[in-house]
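**Q** Take this sequence and fold it.
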Amino acid sequence: MTNKNTDKVDSVEINSTESLVPEFSVFAFKTNIYSHSVASEQVRMLFGYSQLISISNSFFAALFVAFMWPSNSHFMLLTWLGVIFTISLFRWFSAVFYNKRNKETDNTSAWINVFMLLTAVNSTTWGVASVIFFSSANVGEQYLIALFIFGLASLGISIFSIIPKVMYALLIPTMLPFTILMILQDGYSFHLLAIGMMFAFLFFIFASRKSYINTYENIYYHIKEVEQRKTLVLAKELVEKSSKAKSDFLSRMSHELRTPLNAILGFSQMLELDADDLSHTQKDNVSEILNAGQHLLNLINEVLDLSRIESGKLDIHLENISVSRSLHEAIKLIQEQAKNRHIHIVDHISEQDFYVYADAIRLKQVLVNLLSNAVKYNCDHGEIILEAHVIDGLYLTINITDTGEGLTEQEVDLLFVPFDRLNATNNVEGTGIGLVITQHLITLMNGKLHVISSRGKGSTFSIELLLPEV
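**A** Coordinates of the predicted model:
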């Protein structure tokens with residue numbers, strides 16, 4: 001399964017079914033959106049091991065010379081050891097230069113080639129040693145050379161397999177010369193050793209590829225998670241800045257709007273007091289000004305409430321509250337609206353002595369909002385039924401049921417979308433944020449709001465609030 005170039009960065013959750021196993025590739029995974037970052041991390045890991053590789057390589061070379069010392073030319077052995085030490089020194093300094101590089105102009109491919117070249121030269125030096133120090137008469141040395149080659153290859157799997165072509169730069173020059181030499185020799189033991197070398201080579205290729213895939217996936221998912229977290233942090237900061245800017249704007253605008261609006265309402269009320277001197281048309285005009293001004297003031301207050309809730313600046317003071325008292329105050333505020341439409345309010349709550357753990361002002365606001373909606377979206381000569389009951393000794397459920405047209409499932413889903421007025425076409429007054437504020441307020445009081453509605457059968461809004469602690 002190949003990588004997808006369209007990996008989503010906007011999802012914080014990493015899909016566990018996503019597989020990065022490539023179609024067999026000699027060099028690397030196919031390109032994905034994190035390819036460069038993964039390659040940079042691979043190179044960083046390789047050069048992070050460089051100094052350890054240099055020390056280990058020099059130690060193995062010195063050990064090899066010590067074993068070969070009695071039966072080989074000392075000059076050849078020391079020359080060969082000098083070459084190994086020189087390569088190890090170059091590898092050491094390449095790591096130093098890599099760590100001091102300008103990361104802003106990082107050329108990952110060039111650094112990979114540098115590391116691969118040093119690996120290939122070092123491996124070739126070991127491969128040459130397996131040929132020039134080979135003795136057909138000394139079986140012990142033959143197996144000793146094979147042991148050193150196996151050791152170098154096996155130790156390289158965990159490090160060099162980070163990038164496949166670096167691993168091949170280790171395996172091929174190290175194992176191929178000795179394997180060919182064994183094939184060219186006469187004798188069953190030589191050919192058996194050659195077969196063993198070929199099987200070992202295939203095993204190392206398979207093991208290094210598995211190691212490479214595991215390493216690549218670990219790096220890939222780590223980088224993906226880090227990038228997603230960065231994206232989320234940036235998005236969160238942007239949202240917070242936008243929210244703050246919106247709140248500041250609304251706060252300032254509300255102040256600027258309230259000042260002239262209060263003047264308009266004040267003068268309108270003064271005119272209403274002197275209604276005896278006004279004509280019938282003028283009285284109607286003053287009444288329209290008052291109604292429109294009050295509606296605009298309510299709109300400003302609701303927008304401000306929503307802004308404070310979203311910014312977390314709305315204070316909630318929880319205490320034991322009498323439901324009957326709050327409900328009585330709320331009914332008084334909407335009773336005139338209900339009377340004008342001949343809507344009968346059936347109150348089964350006030351006669352019971354219920355208490356809840358809530359904020360008195362915000363509970364009243366919630367009840368007024370829901371009762372006002374029950375009037376506005378009811379039918380003339382309809383009913384509003386108020387009921388309450390205790391659930392599991394922990395919550396009190398307050399049900400407000402109307403006998404209006406009701407809502408479809410799709411409309412219920414849109415109830416709590418800010419400024420989405422479902423009955424705007426029916427000339428029902430409202431801002432489209434009353435229920436949004438109501439839901440937020442109930443949540444802040446550790447409660448829940450539920451809606452049950454069906455077209456033609458009315459709606460029931462249920463509030464769940466905590467009972468006072470005994």
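**Q** same question for the strand or helix carrying Thr125, mean pLDDT?
**A** Using DSSP states H and E, Thr125 sits in helix 108-132. The average pLDDT for helix 108-132 rounds to 92.
**Q** And the contacts of that helix?
**A** Contacts to helix 108-132, defined as C-beta atoms under 8 Å, 6 or more residues apart in numbering, come from residues 36, 39-40, 42-43, 46-47, 50, 57, 64, 76, 80, 83-84, 87-88, 90-91, 94, 98, 101, 145, 148-149, 152, 160, 163, 165-166, 169-178, 181. No exception for glycine: its C-beta is placed from N, CA and C like everyone else's.
**Q** how distant is that helix from the center of its chain?
**A** On the basis of C-alpha atoms, centre = their mean, to the nearest Å, helix 108-132 sits 43 Å off its chain's mean C-alpha point.
**Q** Mind checking the pLDDT average for stretch 338-356?
**A** Averaging pLDDT along stretch 338-356 yields 89.
**Q** Distance across that stretch, terminal residue to terminal residue?
**A** Using C-alpha to C-alpha, to the nearest Å, the end-to-end distance of stretch 338-356 comes out at 26 Å.
**Q** For Ala330, which non-adjacent residue is spatially closest?
**A** Leu367 (3.8 Å; C-beta to C-beta, 6 or more residues apart in numbering).
**Q** isn't that neighbour right up against His328?
**A** No: look at Leu367 against His328 with C-beta atoms under 8 Å: they stay out of range, at 9.8 Å.
**Q** Quick check: buried residues in the least confident helix or strand in the chain by mean pLDDT?
**A** Lowest by mean pLDDT, DSSP states H and E among the helices and strands of the chain is helix 280-311, with a mean of 76. Judged by neighbour count (16 or more other C-beta atoms under 10 Å), helix 280-311 contains these buried residues: 286, 289-290, 293, 297, 299-300, 302-311.
**Q** Return the alpha-carbon coordinates of stretch 257-274 using CSV.
**A** Provided in CSV are the C-alpha atoms of stretch 257-274 (Å, rounded to 0.1, in the frame of the first residue of the first chain):
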residue,chain,number,x,y,z
LEU,A,257,-25.5,52.0,20.5
ARG,A,258,-27.0,52.1,24.0
THR,A,259,-26.3,55.7,24.6
PRO,A,260,-28.4,57.1,21.7
LEU,A,261,-30.9,54.3,22.1
ASN,A,262,-31.5,55.1,25.8
ALA,A,263,-32.1,58.7,24.7
ILE,A,264,-34.6,57.6,22.1
LEU,A,265,-36.4,55.4,24.6
GLY,A,266,-36.4,58.1,27.2
PHE,A,267,-37.9,60.7,24.9
SER,A,268,-40.4,58.2,23.6
GLN,A,269,-41.5,57.5,27.2
MET,A,270,-41.8,61.2,27.9
LEU,A,271,-44.0,61.6,24.8
GLU,A,272,-46.1,58.6,26.0
LEU,A,273,-46.7,60.3,29.3
ASP,A,274,-48.0,63.4,27.5
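**Q** Show me the contact partners of that stretch.
**A** For stretch 257-274, contacts defined as C-beta under 8 Å, 6+ apart pick out 278, 283, 286-287, 289-290, 293-294, 296-297, 300.
**Q** Which pair of these spans the longest distance?
**A** Leu278 and Ile300 (27.9 Å; C-beta to C-beta).
**Q** re the thing from before, quick one: which of Leu367 and His328 has more around it?
**A** Shown here are Leu367 and His328; by other C-beta atoms under 10 Å, Leu367 has more neighbours (24 against 15).
**Q** which SS class is the more buried one?
**A** Using DSSP: H, G, I helix; E, B strand; the rest coil, the structure places Leu367 in helix.
**Q** With Lys332 as the reference, measure out to it.
**A** According to C-beta to C-beta, to the nearest Å, Leu367 stands 11 Å off from Lys332.
**Q** Off-centre distance for the longest helix seen in the chain?
**A** In the chain, with assignment by DSSP state H, the single longest helix is helix 188-273. Relative to its parent chain, helix 188-273 has a centroid offset of 5 Å by C-alpha atoms, centre = their mean.
**Q** What is the neighbour count of the nearest residue to Ser459 once chain neighbours are set aside?
**A** Distances taken as C-beta to C-beta, 6+ apart place Ser453 nearest to Ser459, at 3.8 Å, with adjacent residues excluded. Around Ser453 there are 21 other residues, counting by other C-beta under 10 Å.
**Q** what's the next secondary structure element after the helix holding Thr125?
**A** Scanning forward in sequence from helix 108-132 by DSSP H and E, the next helix or strand is helix 139-160.
**Q** Following element in sequence after that next one, please.
**A** Next along from helix 139-160, by DSSP H and E: helix 164-184.
**Q** Let me know the angle separating that next one from helix 139-160.
**A** Per axes from the mean of the first three to the mean of the last three C-alpha atoms, to 10 degrees, the angle that helix 164-184 makes with helix 139-160 is 170 degrees.
**Q** Helix 164-184 to helix 188-273, inter-axis angle?
**A** Using the same axes, to 10 degrees: helix 164-184 against helix 188-273 is 170 degrees.
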